[in-house]
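Q: I need the structure of the sequence given here:
(5 chains)
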Amino acid sequence: MARRRFWKTRKREKPGSAPGTLVGDPAALASQVHLFVFDADTPDKPLGHVREVPTPSLERIRAIFTEGRRLWLNVDGLKDVALIEALGGVFGLHRLALEDVVSGHQRPKIEDYEDHLFIVLRMAVAEHPGESEQVGIFLGPRFVLTFQERPGDSFEPVRERLRRGQGRLRAADMDYLAYALIDAAVDGFFPVLERMGDRLEQLEDAVVDDATPELVGRIHDLKRELLALRRAIWPQREMLSSLIRDEAPHFSSQTRVYLRDCYDHTIQLMDLLETYREIASGLMDIYLSSMSARLNEVMKVLTVISTIFIPLGFIASLYGMNFDRDVSPYNMPELGWYFGYPLALLVMGSCAGLLLYWFYRRGWLRSGGK
Amino acid sequence: MARRRFWKTRKREKPGSAPGTLVGDPAALASQVHLFVFDADTPDKPLGHVREVPTPSLERIRAIFTEGRRLWLNVDGLKDVALIEALGGVFGLHRLALEDVVSGHQRPKIEDYEDHLFIVLRMAVAEHPGESEQVGIFLGPRFVLTFQERPGDSFEPVRERLRRGQGRLRAADMDYLAYALIDAAVDGFFPVLERMGDRLEQLEDAVVDDATPELVGRIHDLKRELLALRRAIWPQREMLSSLIRDEAPHFSSQTRVYLRDCYDHTIQLMDLLETYREIASGLMDIYLSSMSARLNEVMKVLTVISTIFIPLGFIASLYGMNFDRDVSPYNMPELGWYFGYPLALLVMGSCAGLLLYWFYRRGWLRSGGK
Amino acid sequence: MARRRFWKTRKREKPGSAPGTLVGDPAALASQVHLFVFDADTPDKPLGHVREVPTPSLERIRAIFTEGRRLWLNVDGLKDVALIEALGGVFGLHRLALEDVVSGHQRPKIEDYEDHLFIVLRMAVAEHPGESEQVGIFLGPRFVLTFQERPGDSFEPVRERLRRGQGRLRAADMDYLAYALIDAAVDGFFPVLERMGDRLEQLEDAVVDDATPELVGRIHDLKRELLALRRAIWPQREMLSSLIRDEAPHFSSQTRVYLRDCYDHTIQLMDLLETYREIASGLMDIYLSSMSARLNEVMKVLTVISTIFIPLGFIASLYGMNFDRDVSPYNMPELGWYFGYPLALLVMGSCAGLLLYWFYRRGWLRSGGK
Amino acid sequence: MARRRFWKTRKREKPGSAPGTLVGDPAALASQVHLFVFDADTPDKPLGHVREVPTPSLERIRAIFTEGRRLWLNVDGLKDVALIEALGGVFGLHRLALEDVVSGHQRPKIEDYEDHLFIVLRMAVAEHPGESEQVGIFLGPRFVLTFQERPGDSFEPVRERLRRGQGRLRAADMDYLAYALIDAAVDGFFPVLERMGDRLEQLEDAVVDDATPELVGRIHDLKRELLALRRAIWPQREMLSSLIRDEAPHFSSQTRVYLRDCYDHTIQLMDLLETYREIASGLMDIYLSSMSARLNEVMKVLTVISTIFIPLGFIASLYGMNFDRDVSPYNMPELGWYFGYPLALLVMGSCAGLLLYWFYRRGWLRSGGK
Amino acid sequence: MARRRFWKTRKREKPGSAPGTLVGDPAALASQVHLFVFDADTPDKPLGHVREVPTPSLERIRAIFTEGRRLWLNVDGLKDVALIEALGGVFGLHRLALEDVVSGHQRPKIEDYEDHLFIVLRMAVAEHPGESEQVGIFLGPRFVLTFQERPGDSFEPVRERLRRGQGRLRAADMDYLAYALIDAAVDGFFPVLERMGDRLEQLEDAVVDDATPELVGRIHDLKRELLALRRAIWPQREMLSSLIRDEAPHFSSQTRVYLRDCYDHTIQLMDLLETYREIASGLMDIYLSSMSARLNEVMKVLTVISTIFIPLGFIASLYGMNFDRDVSPYNMPELGWYFGYPLALLVMGSCAGLLLYWFYRRGWLRSGGK
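A: The predicted model follows:
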C-alpha cells in the first residue's frame, strides 16, 4: 500500500551550500501572484478602499508600492525563484528569509530583520490531516507578503472580509491584517482536528466492539498524524508567545491583545492534540487486552471440549482393544458382561458430567466477553 | 452504545470570522438573568444590605448600576446574544471577552482589560463527571458579572451566605465576592472527584476479584474522564497562581491571602487527580496480568489432561490393531497372553501415575490463582 | 477484603462554606493538651529550665503566656473546635490557618502571617505505611503550637531531649525548637521507608522464585503506598527549600543552617522513594515475563507430548480399521504379514525418535526455567 | 554477529592522570595537515585570494601565521600528539582544550579562552548512521583550526566554495568561516537521517505485512542509533543556543544572524529524531500486537479443527468397541441396526454442522487478519 | 541467593536525636590516618617539597598544622569517632559536617562554612558496580581533609603524582589539590561503567540468541545498579555545576576552569548512564517479544501436527467401527470394496496434502525465527 510518509524529511538543497542561495524545489508548483491594494483613506471612502489585482506584473507591483500604497501580495506555488528574488529586491527582504521561503521545510518561527518581520507558519491541509503547508509572511510598515507552497488555503475568509469591507480589516494597519492571517491559519487546524476526533471516536467504538488486527494500523496512522500535527502546532505556540511578550516591534500593543486571543487558540489546539494522543495510546491498550481476552475465550473452548472428550475417547478406545477373551477370563471380561455397554456409557456420561460441573464451578462455561 | 464524547471539540464559529464577532451557539440554552444589589452601607444597615432581583430588565440593571450601587449579575444560558452584547455596553466590557463568553470553549484564563478583569473558569457538572461548564466572570470596581452555559451551578452556597448575611460577604468589596465565587467553583470539583474515587475503588475490587473484559472499557472511560478533568483544572491552577503573584490589580492584598487558600485547593485537586490517574494506569496492568494468569490456568488444565490421556489412548489404540495373529507368532502376541489385559491396564495406570507425580512436582496441580 | 483506601479524599466541609469557618470533623479524636514552659534564664539555671504541664486549662495557658514565658503547646486530636478557636484567640492566630488545622487534609506548606509562621507538615504513621498524619505548627516569637490529628507521634525524642536538658534545645530560641520538631517529623519517615524496603526485598525474591498472581496485588498495594508517601513528602521538600531560601523571617540564619540539613534528609527520602518506585515497576515486568515463561513451559510440554503421540496414535488407529481382507488382496495386506506387528512398532518407534531428536535440536526438551 | 557497539565508552586515558596531559589514542589515525591561506585584500584581488597548501610543514605554518595572514588549518587523524602540541604552541591554545581534542570523546560544547574560542562538534559519519566523529574547532581573530578524528568529512562543500570563490566566504572574517564549517557539520546529519527515515519506512511496511522476529533486532538497532544520534545532536543545539545568546565575543552580530539559521537546522534535526523515535516505539507495539494476532489465528485454527473432530472421533471410537453383542441385547445394539452406519454418519455430520454454525456465529471462521 | 541490596537505606541513628551528635556506625571499619605535608617553597626546592607521614599521631598533625604548613590528611574507615571529633577541633570543622561524615549516607553536596568548604562525594567501588562509597572532603586555605568509609580508593593516581612531583600538584594551592581529588573520584566511575557496558553487550547478545528466563533477573539487576549509580552521580553533577557558577569562594577562578572539565566528565557519565538505561529497557522488550515469538513457534508446531493428524485419525477410527455388515448393505459397505483400503489411504493422503498446502500458503511451515 502506498502510505503517505508525511513525517519524512523532504530532499534538501545540497548540504553545505552557501547560505542565502535560493534553490527552487523541482517539485514545487508554478507561482501565482494575487494582490490587494489598500487605497489611501479619503473623505469619501472613510473605511479605506480595497482594490483587487488578480495577476499583477512585477512592474505593476513595484509601481503601486512606490506610490506609497499599502498592499497585501500573496504568492501561491514557489517554482518561480526568479520572481521571488525580484520581489525580495522590491520590498528589501533578507536573503536568508527568502531561502527559508523557497526551501519550504521550516518550523514556525519569527525573525526580526529590523525593517520587516519574517514569520513562518504552518497551515492545515484539509485533504491530508497529518500534513501541513508552510506559509511565509513578511510584515513591513506598508506591506504584507504571503508565500504559500500550493493554492488553496485558510485565508479565504480574510479575503472575503476585505472584499465586503467587514470588520476593522480595511481601516486598520498592516499588523492587524497580519494578525488576521495568522488567526485564520491557526483556526484552520480546528476542522482538521474535529475530523480526527471523529476518526478517534470510530476507532474507539470499533476497538470495543470488534477488534480486528487492521485496527492497529489505523491507530498507528492516527497517532503518526497527531504527532505530525503536534510538530506543526507546537512551535506556533512558542512563536505566538514570543510575539505577545513584547518582542516584536512591528505589532502595535492594540493588535497584541488580539494575538493573545490567537495564542489561546493554539493552546486549545495543543490541549486537544494531547488529549487525542492519550486516548489513542489508551486504545492500543484496549486493543491488546481485547486480543488477550479473545485468546482466553478460544483457549477455554478448546480446553473444555478437549478435556471432556479426551477421557471419553480413551474409554472407548479401551474397549476397542482386541485382547483374546478366549485365552483368559482376565482379558477384558467387561466385554462379555450383560450390561457391559450401558455401564460403559454410564461411566462416560458421569465422567463428562463431573467435568462439566467442575468447569461450571470455575466459571469457564460462561462466555467471558461479548 | 451512545457514549458521551465530552473530549471532542464542540463546533466552533466558522474559522477565520472577524474577531469580536458574537455568534450564538444554536444549541445554547435560553438566557436567564438574576441580580443581587448591594445597598450602600448606611448606619442602620451596618453590614450592608443585599436585595435580590430575580429577572431584571436591561433598563433596571442600567438604572441600578448608574445609581452607583454595587451589584452581582448572573446570566444562565448563552442563547440571547443581543442581551449579552447590551450588557457589554452597560458595563463597558471588551468585545473579545464577550466573544469568549459566548463561544464557550475556553480554557481557564485571566485577562486584564484595565478597567475590569475577565476570568474564565471551569465548573464541575455534577451529573457528568468528565464534563465541565465554562463560567465567565467580569470583575469591575462596582460589579461582578457571571455568565454560565446552563442553570445549576456551584454558586448556591454563596447565594445563601449573601441572603443570610453570613460572613464578610455583604460588607466586603467586589473582589471578595469574586474570590468567593472562584472558591465555590473550585470546591465544586471535590464531590466529583470523591465519586470518581468511589468508582476507582469499585474497579480495583472488581479487577482483583473477577476481571471481565468489560472492565477495560470502564477503566478507559474513567481514565478519559480524569484526563478531561485535568484539562479543566490544570489551567485553573496556573490562573490562580498568576492572580496571587501580584499580577491582578483588581484584587486587594487582603483578598489575595484568601486566593492563596483557593490555590492550595486546586493543588490538592491536581494531587488527587494525578494519584487517581496513576492508580487507574496500575489497574490496567493488574487486569492484563490477571488475564495472563487465567490463560496459564486454562492451559495447565488442558495440558495436564491431554498429557495424561494421550499416551493412555495410544496404548489402547495399539491393542485395537487387527494384525493377524494366526499368520505369525510375532503379530501382537500380547493379545493372547493370560494376563494381557490386566498388564495393559497396569502399564496405563503406572504411566498416568508417573505423569501425575511429575506434574505434582512442577506444582501444576495446585491452582495458581483464586 | 477491607483494603485501606488512604488515597481517597476524606469528606470535606460543605463546598462553598464561608472561608475561615471551623467545622470539626465528626470522626476527629478528642483533644488532649500538653504544655512545656521554658522558664527565664536565671543565673542559677544557666541552661534554661523546662517545666512540663500535662493537661493545662485554657486560663493557665493564657496566664503563662501573658507572663512572658516561652512555651510549646501540643494538641492531640482535633475534636474540640471551641478549644482550638480559644487558643487561636490567646495567641492571635489567623482564622484561615485554624481552618486548615481543623480540616486536616492539607498539603505541607508554609504561610507567613507576619506575627507568626504557620507550617503544615505530614508525619509518618508507623502502623500504616501509606498514610500520614497532618501536623500544624505555629511558630511565634515566644511560642510553638503543634496540632496533631491523633496521639502518638515522632516528637517523643524531642520531648526526651527537653526533659533531660540535652543539646541546645532548652537554651535556644523558639525557631530552633520548631526546627527540632520538623526534623523529627521528617526523620520519622525513615523507619517507614526501611520497612517498605524490606517488603520490596521480599517481593523481589518471591517474584523471581515463585510468581503467584497474588503477588500482583501486593506489588500494586506497595506502589500505591509509595505514591501516597511521595504525595506527603514531596511538598515537604518544596516547603523546606523555601524556608532555607531566606523567605521565612521567623527563622534565624543560624537555625537555617540546620534546616539545610533537614532539607537534605527530605531529598534522601525522595531519592529512596523514587528508587523504590522504579524497582517496584520493574517487579511488575519481571512478574509478567515470568508468567509468559511459564506459559511457554506449559505449552512446550503439551506440544511435545501431543506431537509425539498423535502420529503414533494415527498409525495404531490405521491398523485398527476393519477393511475386509477376504474381499481383496489390496485391503490391509500388512495385517497378514509375518513381521507386520513388529514392523508397525518399529515405524512408530522411529517416528517418535525422529520427533524427539527434532525437539532436542530445537532445545525444547531442556527446561527453559527453573 | 559482530555488532557495532558505538554506544560504548571508548577506552579513556588512565583515570586520575594529570589534567592537560595529551595521551594519544593508540588506535588513532595518522595525522594529515591541510592549509588554506587567505591573502590580504589588495586592489587587484578585491574578493580576497585563497591559496591552498596541501601538507605544510610546521615551520611553514608558523611563518605564514607570523606574517599576519588569516588561515584555516585542518588536521585529519589525531595520532601525532607532538604535532598537535606544537600547533598549540604556535597559536597559543589552552592545554585543556588540546587534551579534549586528543581524547576524542567529548560532548559538543563551547569554551571561551579569551583570545580564542574552542568549539567541539560532532559530525555525521556517512557509513555508520549511529556514529559521529568529534571535530574540534579553534576560532581566533586570524585563524580557524579544525581537528578531526578521521579523513572524510562534511566540510568538502566549504572547501569547494573557497576554491571557486563563491559567496562571501573569502572576503568575510574568520567567524563567518567558522560558521560555514559548523553549518556544514550540522547539515551533514540530514542525509544520515534521511536514510534512517527510509529504513524506518521499510520496517514499517515489514511489520505490517510480515512481522518476523528478526524485525525486533532491526527495530532495536535503529532505536539505538537514533539514541546515539540524539546524544550527538542535542548538546549541539544547546551549544548553538548559547552562541546566539550573545555569549561568544568571537562572533560578530552579523554572523550571529546566520548562526540562528544554523540553530533552526539543529532544532529540525531534533524534531525529526524525536518523531522517528516515537514512530520506532510505535513499531514495537505494532509488532507485539501482530504477534498476538497471529497467535490468535493459530489458536483459532487449532481450536476449530480440534473441536470439530474430537467429538466425531469419539463417536467413531465408540462404535469401535468390542462389547459382545451375543451376550446381551443391550451390548451395542446399534451395530446391528439396518441403518446403523448411515445413522452414525448422520449424527457425526449434524454434530460437525452445529459446531461449524456456532463457530461461524462467533466469527471464528473469518480470517482475523491478512 | 543472597542478593546485594545496595539500594536499601542503611540503618540511621535513632530518628530525632539531637543534630550534631556523632554516632559511630557499629559496622564501620577501623580508622587509618595518612598525611601529606607540603613544605614551604624555598629557593632550593622550587616545585615545593612533599613529605609523606603514614600514620601520624593527633599531636603530630596539630603541630604540623600550627607550624603553618599546608597538608592533606586522609582518613580511611570511620569507626574512631573520637579521633574524627578531635580532628574537627584541630581544623575548626562544623559539627553538622562531621555528623554527615560519620553517618555516611549523604548525597553529594557542597556546604560553605565560611572558613572552610565541605564537599560530599560518592566514589565508585570497583568490586560492586552498583555501590558507591561516601567521601567527605574539607577544603580550607591550608588543608584538605578526606574521610572515606573504607580503604581502597580512586585517589591513588593523585598520590603517585604527588610523590613523583608530576604536574602542578605540589606547587599549586589547596584548591587545585581538592580539584584533583574530585576529578579522580569522578573519573573512577568510568571503568565501572565500561564493565557495565560489557555486561550490557553480553546481555544483548544473549537476549537475541537464546532468551532464557534467567536473563530477566540479570537485566533487572543491571537496571538496579544503573539506577543506583545514577543516584550517586546525578547530584555530583549539580554540585559541580554550583561550584563552577562562582558560588564557592574557596576555589580560584583558575582552578574553576579545571572544574569545568570535571563537570563535562560527569555529564558524559550521565549521558552514558541514560543510554545504558534506555538500552536495558529495550532489552526487556526484546526479551518479551522473543518469548512471544517462541510461543508462536511452539503453537504453530502443535497446530500443524494436530490439524493434519486429527482428521486422518478420525477417518481411521471411522473404519474401525464394528457395524454389522451382515445385517444390512448400508453398514460400512466401504469395508468390502475391492479398493477400499487404498482408497481410504488416498483420501487420507489428499486430506493431509491439502492441509499442508494451506499451511504452506499461510507461511506456517517456514520457521519464523532462528
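
Q: what comes up buried for stretch A:287-298?
A: Of the residues in stretch A:287-298, those buried by neighbour count under the rule 16 or more other CB atoms under 10 Å in any protein chain shown are A:287-298. For the C-beta atoms, the positions are set from N, CA and C on the backbone; glycine is no exception.

Q: actually stretch A:249-266, not the one I typed
A: The neighbour-count check on stretch A:249-266 (16+ other CB under 10 Å) flags A:250-251, A:255-266 as buried.

Q: can you check stretch A:93-105 too?
A: Applying a neighbour-count criterion of 16+ other CB under 10 Å, one finds A:93-94, A:96-104 buried in stretch A:93-105.

Q: and which of those is nearest to chain D?
A: Distances from chain D to the buried residues of stretch A:93-105, taken as CB to the nearest CB, are shortest for A:L96 (5.6 Å).

Q: Helix or strand: which one has the closest one?
A: Under the assignment given by DSSP states H and E, the secondary-structure element containing A:L96 is helix A:95-103.

Q: Following element in sequence after that helix, please.
A: Moving toward the C-terminus from helix A:95-103, the first helix or strand encountered (DSSP H and E) is strand A:109-113.

Q: Setting the sequence-adjacent residues aside, check what's closest to A:L35.
A: With CB to CB, 6 or more residues apart in numbering or on different chains as the criterion, A:L35 has its nearest non-adjacent residue at 4.1 Å, and that residue is A:V53.

Q: ok so, going back, now, the most widely separated pair of the buried residues of stretch A:287-298?
A: Taking every pair in the buried residues of stretch A:287-298 and measuring CB to CB, the maximum separation is 16.5 Å, between A:Y287 and A:V298.

Q: how about the lengthiest helix in chain A, does it get close to chain B?
A: The helix of greatest length in chain A, counted in residues with DSSP state H as the criterion, is given as helix A:253-318. Yes - when contact is scored as CB under 8 Å from any CB of the partner chain, part of helix A:253-318 falls within range of chain B: A:257-258, A:260-261, A:264, A:267-268, A:271-272, A:275-276, A:278-279, A:282, A:285-286, A:288-290, A:292-293, A:295-296, A:299-300, A:302-303, A:306-307, A:310-311, A:313-314, A:317-318.

Q: again, but for stretch A:168-183
A: Yes - with CB under 8 Å from any CB as the threshold, stretch A:168-183 lies in contact with chain B, specifically through A:168-169, A:180, A:183.

Q: and whichever residue of the stretch 251-370 of chain A sits closest to chain E, how many neighbours does it have?
A: Among the residues of the stretch 251-370 of chain A, A:G320 lies closest to chain E, at 6.7 Å counting by CB to the nearest CB. When neighbours are counted by other CB atoms under 10 Å in any protein chain shown, A:G320 registers 26.

Q: Over to it: give its phi and psi.
A: In terms of degrees, to the nearest 10, the main-chain angles of A:G320 are phi -90, psi 0.

Q: For it, give me the pLDDT.
A: If you check A:G320, the pLDDT there is 87.

Q: Moving C-terminal from the lowest-mean-pLDDT helix or strand in chain A, which element do we reach first?
A: Taking mean pLDDT, DSSP states H and E as the measure, chain A has strand A:49-53 as its least confident helix or strand, at a mean of 83. Along the chain past strand A:49-53, the next helix or strand (assigned with DSSP H and E) turns out to be helix A:58-66.

Q: and the helix or strand following that following helix with helix A:95-103, angle?
A: Using DSSP H and E, the helix or strand that directly follows helix A:58-66 along the chain is strand A:70-76. Taking axes from the mean of the first three to the mean of the last three CA atoms, to 10 degrees, one finds that strand A:70-76 is oriented at 40 degrees with respect to helix A:95-103.

Q: from the buried residues of stretch A:93-105, which has minimum pLDDT?
A: Taking the buried residues of stretch A:93-105 together, the minimum pLDDT is found at A:G104 (75).

Q: Would you confirm that that one contacts A:A27?
A: No - under the criterion of CB atoms under 8 Å, A:G104 lies out of contact with A:A27, with a separation of 9.9 Å.

Q: Need the per-residue pLDDT for whichever residue of the stretch 101-250 of chain A sits closest to chain E.
A: In the stretch 101-250 of chain A, the residue that lies nearest chain E is A:P213 (14.1 Å; CB to the nearest CB). If you check A:P213, the pLDDT there is 74.

Q: Backbone dihedrals for it, please?
A: Dihedral angles phi and psi of A:P213 (degrees, to the nearest 10) take the values phi -60, psi -30.

Q: roughly how far apart are it and A:G188?
A: With the distance defined as CB to CB, to the nearest Å, A:P213 ends up 35 Å from A:G188.

Q: out of these two, which sits in the busier spot?
A: Shown here are A:P213 and A:G188; by other CB under 10 Å, A:G188 has more neighbours (24 against 21).

Q: pretty sure that one contacts A:L121?
A: No - judged on CB under 8 Å, A:G188 makes no contact with A:L121 at a distance of 10.0 Å.

Q: low pLDDT regions in chain A?
A: Applying pLDDT under 70 to chain A flags the ranges A:1-20, A:40-48, A:166-167, A:246-248, A:367-370.

Q: Please tell me how far the residue of it found nearest chain B sits from E:I286.
A: Closest contact between chain A and chain B, by CB to the nearest CB, is at A:P157 (2.9 Å). For A:P157, the distance to E:I286 under the criterion CB to CB works out to 52 Å.

Q: can you check A:F36 too?
A: In this structure, A:F36 lies at 59 Å from E:I286, with CB to CB as the measure.

Q: swap in A:L273?
A: For A:L273, the distance to E:I286 equals 31 Å [CB to CB].

Q: quick one: contacts of stretch A:361-368?
A: Around stretch A:361-368, the neighbours that count as contacts under CB atoms under 8 Å, 6 or more residues apart in numbering or on different chains are A:293, A:296-297, A:300, A:303-304, A:356, A:359, B:212-213, B:298.

Q: tell me which parts of the stretch 251-370 of chain A are close to chain C?
A: A:G320.

Q: Make sure A:Y113 is actually in contact with A:A97.
A: Yes - between A:Y113 and A:A97 a contact is recorded at 6.6 Å, counting by CB under 8 Å.

Q: from the contacts of stretch A:361-368, which is closest to D:L343?
A: With CB to CB as the yardstick, the closest approach to D:L343 among these comes from A:L356, at 25.6 Å.

Q: Nearest residue to the closest one in space, please, no chain neighbours.
A: If the residues on either side of it in the chain are set aside, A:L356 comes closest to A:I308, at 6.9 Å by CB to CB, 6+ apart.

Q: Might you enumerate the residues of the stretch 101-250 of chain A proximal to chain B?
A: Near chain B, the residues belonging to the stretch 101-250 of chain A are A:154-158, A:161, A:166-169, A:180, A:183-184, A:187-188, A:190-191, A:193-194, A:197, A:201, A:204-205, A:208 when assessed by CB under 8 Å from any CB.

Q: Please check those and keep the buried ones.
A: A:154-155, A:157-158, A:161, A:167-169, A:180, A:183-184, A:187-188, A:190-191, A:193, A:197, A:204, A:208.

Q: Among these, name the ones in helices.
A: Applying DSSP H to these, the entries found in helices are A:157-158, A:161, A:180, A:183-184, A:187, A:190-191, A:193, A:197, A:204, A:208.

Q: Next, give me the two most distant ones among these.
A: Of all pairs drawn from these, the one with the largest separation by CB to CB is A:R161 and A:V208; the distance is 44.4 Å.

Q: Contact partners for A:R277?
A: With contacts defined as CB under 8 Å, 6+ apart, the neighbours of A:R277 are A:223, A:226-227, A:230.
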